[in-house]
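**Student:** sequence first, predicted coordinates after that:
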Amino acid sequence: MEIDKIRHILCVSGGKDSAALAIYMRDRVPQMEYVFCDTEKELPETYDYLARLEGVLGRPILTLRDGRGFDHWLNIFRGYLPSSQMRWCTRHLKLEPFERYVGDSSVISYVGIRADEDREGYISTKPNIKPVFPFKEAGLCYTDVVRILEESGIGLPQYRTWRSRSGCYFCFFQQKIEWVGLLEHHPDLFELASQYEKVDNATGRRFTWCDNESLEELSRSERIEAIKAEYARRTERQIPTDRRLAEIFEDDSWERPCLVCTL
Ligand code: SF4
């Protein structure tokens with residue numbers, strides 16, 4: 001890479017780690033370009049958080065969109081909802097807009113993976129994009145991220161009281177308790193998510209967000225009670241709420257979602 005032509009890009013997701021990284025890098029790399037890949041299916045809290053983050057950074061966060069949107073791609077994939085096995089949403093709504101924005105430029109892409117995580121970030125196969133991991137390099141962990149956010153005044157994203165990650169409101173990676181959270185905090189979005197679920201009358205095949213039940217089934221009072229009871233059982237240990245969410249959701253679930261969606 002020719003040093004003087006290198007662009008520095010930090011893709012924020014609306015999640016805590018990329019927000020903290022943006023703040024951490026603000027004065028270290030003043031020429032940083034901040035971008036957000038918007039699926040247009042994000043939580044309202046995410047958009048609010050990004051607006052506040054812009055205020056803290058004193059810099060604009062450029063919104064990148066696919067231009068066609070989720071419903072277009074759902075149609076192309078003949079109604080098959082995305083899943084962990086067929087994650088077309090990430091490619092078309094997150095990664096491609098980012099790669100189009102980068103173009104052929106030589107880019108250093110800043111990724112907010114922490115030192116206490118073992119997962120990998122989005123590593124572009126494009127040779128002109130070089131990922132770097134400043135938190136890993138500096139040994140910064142979960143508590144450092146929380147501290148950076150608190151000291152900046154922005155704090156954690158508001159959805160953290162009921163959901164662990166940013167991303168689409170209907171993200172199939174979310175846990176049952178988070179679907180319950182969506183129902184309780186955004187019944188309109190829960191209803192929209194439910195409307196995407198279909199039954200093929202010819203084959204009986206169900207297209208649902210969760211493997212084993214529809215959102216209509218999940219929203220029945222006895223299921224909500226059972227899901228809450230299971231959640232309470234898993235969170236018996238007395239640890240602070242946000243840490244509890246982090247432990248439960250980050251350690252053993254969401255099946256390593258795309259970091260570009262959720263960091
Ligand atoms: S947040 Fe979930 S549904 Fe949205 S693009 Fe990422 S993986 Fe797909």
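**Tutor:** In hand now; what should we look at?
**Student:** distance-wise, check the residue of the stretch 101-250 of the chain found nearest the ligand relative to residue 61.
**Tutor:** When scored by C-beta to the nearest ligand atom, the stretch 101-250 of the chain has residue 167 as its residue closest to the ligand, at 2.8 Å. For glycine as for every other residue, the C-beta is placed from the backbone atoms N, C-alpha and C. Going from residue 167 to residue 61 by C-beta to C-beta, to the nearest Å gives 17 Å.
**Student:** do the same with residue 216
**Tutor:** Separation of residue 216 from residue 61 (C-beta to C-beta): 36 Å.
**Student:** of these two, who's got more company?
**Tutor:** Of the pair residue 216 and residue 61, residue 61 is the one with more neighbours under other C-beta atoms under 10 Å, namely 19 against 12.
**Student:** who does the more buried one bridge with?
**Tutor:** Counting by DSSP bridges, residue 61 is bridged to residue 34.
**Student:** for it, what are its contacts?
**Tutor:** Listed by C-beta atoms under 8 Å, 6 or more residues apart in numbering, the contact set of residue 61 reads 12, 34, 35, 36, 50, 53, 54.
**Student:** will you turn these into CSV that also has distance to the ligand, pLDDT and secondary structure?
**Tutor:** Listed next are the contacts of residue 61 as CSV, based on distance: C-beta to the nearest ligand atom, whole Å; pLDDT from 0 to 100; DSSP: H, G, I helix; E, B strand; the rest coil:
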residue, distance to the ligand, pLDDT, secondary structure
12, 14, 95, strand
34, 19, 98, strand
35, 15, 97, strand
36, 13, 96, strand
50, 15, 97, helix
53, 18, 98, helix
54, 21, 98, helix
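**Student:** need those in a markdown table (columns: neighbour count).
**Tutor:** Below are the contacts of residue 61 laid out as a markdown table (neighbours: other C-beta atoms under 10 Å):
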| residue | neighbour count |
| --- | --- |
| 12 | 27 |
| 34 | 22 |
| 35 | 19 |
| 36 | 25 |
| 50 | 23 |
| 53 | 24 |
| 54 | 16 |
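**Student:** just put these in TSV and tack on distance to residue 44.
**Tutor:** Below are those laid out as TSV (distance: C-beta to C-beta, whole Å):
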residue	distance to residue 44
12	16
34	20
35	20
36	14
50	11
53	15
54	16
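**Student:** how about the nearest residue to the closest residue to the ligand within the stretch 1-150 of the chain, chain neighbours excluded?
**Tutor:** Taking C-beta to the nearest ligand atom, the ligand has its nearest neighbour within the stretch 1-150 of the chain at residue 89, 3.3 Å off. Nearest non-adjacent residue to residue 89, counting by C-beta to C-beta, 6 or more residues apart in numbering: residue 82, 4.1 Å away.
**Student:** from residue 35, how far off is the one you found?
**Tutor:** Taking C-beta to C-beta as the measure, residue 82 falls 22 Å from residue 35.
**Student:** now swap in residue 116 and tell me
**Tutor:** 26 Å.
**Student:** between the contacts of residue 61, which is nearest residue 198?
**Tutor:** The nearest member of these to residue 198, counting by C-beta to C-beta, is residue 36 at 30.2 Å.
**Student:** contacts only, for that closest one.
**Tutor:** Applying C-beta under 8 Å, 6+ apart to residue 36 gives the contacts 11, 12, 13, 14, 50, 61, 62, 63, 64.
**Student:** check which helices and strands the strand or helix carrying the first one sits against.
**Tutor:** Meaning residue 11. Here residue 11 sits within strand 7-12, counting by DSSP states H and E. For strand 7-12, the elements it packs on are helix 16-25, strand 33-37, helix 96-102, strand 107-110, judged by 3 or more C-beta pairs under 8 Å, 6 or more residues apart in numbering; DSSP states H and E.
**Student:** out of the ones you listed, indicate the one that is most buried.
**Tutor:** Most buried of the helices and strands packed on strand 7-12, by mean neighbour count (mean count of other C-beta atoms under 10 Å): helix 16-25, with a mean of 25.
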